[in-house]
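J.: need the 3D shape of this:
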Amino acid sequence: MKHIGIVCEGTTDFILLTAIIDKITGEKNKFFFLQPDADARSPYGNGWKGVLKWCRDHGEIKEQIMSGIQPTLDFLVIQMDGDVSRKDKPSHCLCESTICSEKGKEDPLFCDTKICPISLPCKDHGASPAGYMEHLKKLISAMLPDIKDTCIVIPCDSLEAWIVAAYENRQDAEAIEDPWGNVISKGKTYQGIRICGRKKRGNTFQLFSETVCSNWRQVTTLCQSAKDFEQIICALIA
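T.: Below you'll find the model as predicted:
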């Protein structure tokens, strides 16, 4: 059994990630929900900015955090969905091709520039899962002086793409923009599971996680981001 810290965008992401890690490792691990708090009282909030703020504020003391939790953490998993690179301009503030008078002066997470000069897709990374993964891994790594014992996972376009891949065997799973809104939550049910409008519920994702784990080999075949995740986890537990 491993002791694993999770920094992710939200509680439903935590549910899926932990189930998949148990599947990959073949054992029941102990997880610590570092960001956001399980009771949703995180000072950083949910979403990608919460993840990045946590990394920025804890990067220098990552080792102390890992050793300070008892039992000591074996490794960290940091998750950010690929759609951040696709649609959120502030995530590209530090890219080489970005030309902005406020570059280096303003924290991209709090920039209030009225007219943002960034155009997407970014010239540095392009519009593809591989480009999104490269961009966001580099962005997160910039906040962490040492990424040893750390798995950075960038599901494309989001973790919900892995759900679609598990259920539908779609070759284009990673190319679907907003798979939650455009596929899973379009009706009152998805694959026989009741969907409560656009709201993501933990018990729903618990059901989804069972099929994602059962069809995990299919997911890694269809989604490069899932395969990348598995490879890093396997390297960390070797």
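J.: now do the strands in this protein.
T.: Counting by DSSP state E, the chain has strands at residues 3-7, 30-35, 75-79, 150-153, 189-190, 193-194.
J.: state the mean pLDDT of the fourth one.
T.: If I follow you right, that is strand 150-153. Taken as a whole, strand 150-153 has a mean pLDDT of 97.
J.: pLDDT score assigned to residue 83?
T.: In this model, residue 83 carries a pLDDT of 97.
J.: can you check residue 113 too?
T.: 65.
J.: any figure for the gap between the residue lying closest to residue 141 once chain neighbours are set aside and residue 90?
T.: Nearest non-adjacent residue to residue 141, counting by Cβ to Cβ, 6 or more residues apart in numbering: residue 147, 5.5 Å away. Glycine gets a C-beta too; all of them are placed from N, C-alpha and C. Shown here: residue 147 relative to residue 90, a distance of 22 Å by Cβ to Cβ, to the nearest Å.
J.: tell me which of these two has more neighbours.
T.: residue 90 (19 against 16; other Cβ atoms under 10 Å).
J.: which residues sit in contact with that one?
T.: Shown in contact with residue 90 (Cβ atoms under 8 Å, 6 or more residues apart in numbering): 108-109, 111, 116.
J.: so how far is residue 83 from it?
T.: Applying Cβ to Cβ to residue 90 and residue 83 gives a distance of 14 Å.
J.: just residue 60 next, same as before
T.: To residue 83, residue 60 is 29 Å away according to Cβ to Cβ.
J.: look at the two and report which has more neighbours.
T.: residue 83 (22 against 12).
J.: ok, the nearest residue to the more buried one once chain neighbours are set aside - contacts?
T.: Closest residue in space to residue 83, ignoring its immediate chain neighbours: residue 157 at 4.7 Å, by Cβ to Cβ, 6+ apart. Residue 157 is in contact with 81-83, 86, 129, 132, 174-179, counting by Cβ under 8 Å, 6+ apart.
J.: can we see that at 10 Å?
T.: 81-87, 129, 132, 164, 173-180, 182, 225 (Cβ atoms under 10 Å, 6 or more residues apart in numbering).
J.: residue with max distance from the center of this structure?
T.: residue 101 (30.1 Å; Cα atoms, centre = their mean).
J.: how many residues are close by residue 168?
T.: Applying other Cβ under 10 Å, I find that residue 168 has 15 neighbouring residues.
J.: I figured it hits residue 222, correct?
T.: Yes - the pair residue 168 / residue 222 is scored as a contact, 9.3 Å apart, by Cβ atoms under 10 Å.
J.: roughly how far is the lowest-mean-pLDDT helix or strand in the chain from the heart of the chain?
T.: Every helix and strand of the chain was ranked by mean pLDDT, DSSP states H and E. The lowest is helix 62-68, at a mean of 89. Here helix 62-68 is found 21 Å from its chain centre; the criterion is Cα atoms, centre = their mean, to the nearest Å.
J.: which secondary structure elements does that helix contact?
T.: strand 3-7, strand 30-35, helix 47-58, strand 75-79 (3 or more Cβ pairs under 10 Å, 6 or more residues apart in numbering; DSSP states H and E).
J.: out of these, which is closest to residue 193?
T.: Of all those, strand 75-79 sits nearest to residue 193, with 22.3 Å by Cβ to Cβ.
J.: give me the pLDDT value at the closest residue to residue 65 other than its chain neighbours.
T.: Leaving aside its sequence neighbours, residue 65 sits nearest to residue 58 (Cβ to Cβ, 6+ apart; 6.0 Å). On pLDDT, residue 58 comes in at 91.
J.: go on, residue 29?
T.: 97.
J.: surely residue 82 touches residue 156?
T.: Yes - the criterion here is Cβ under 10 Å, and residue 82 meets it with residue 156 at 3.5 Å.
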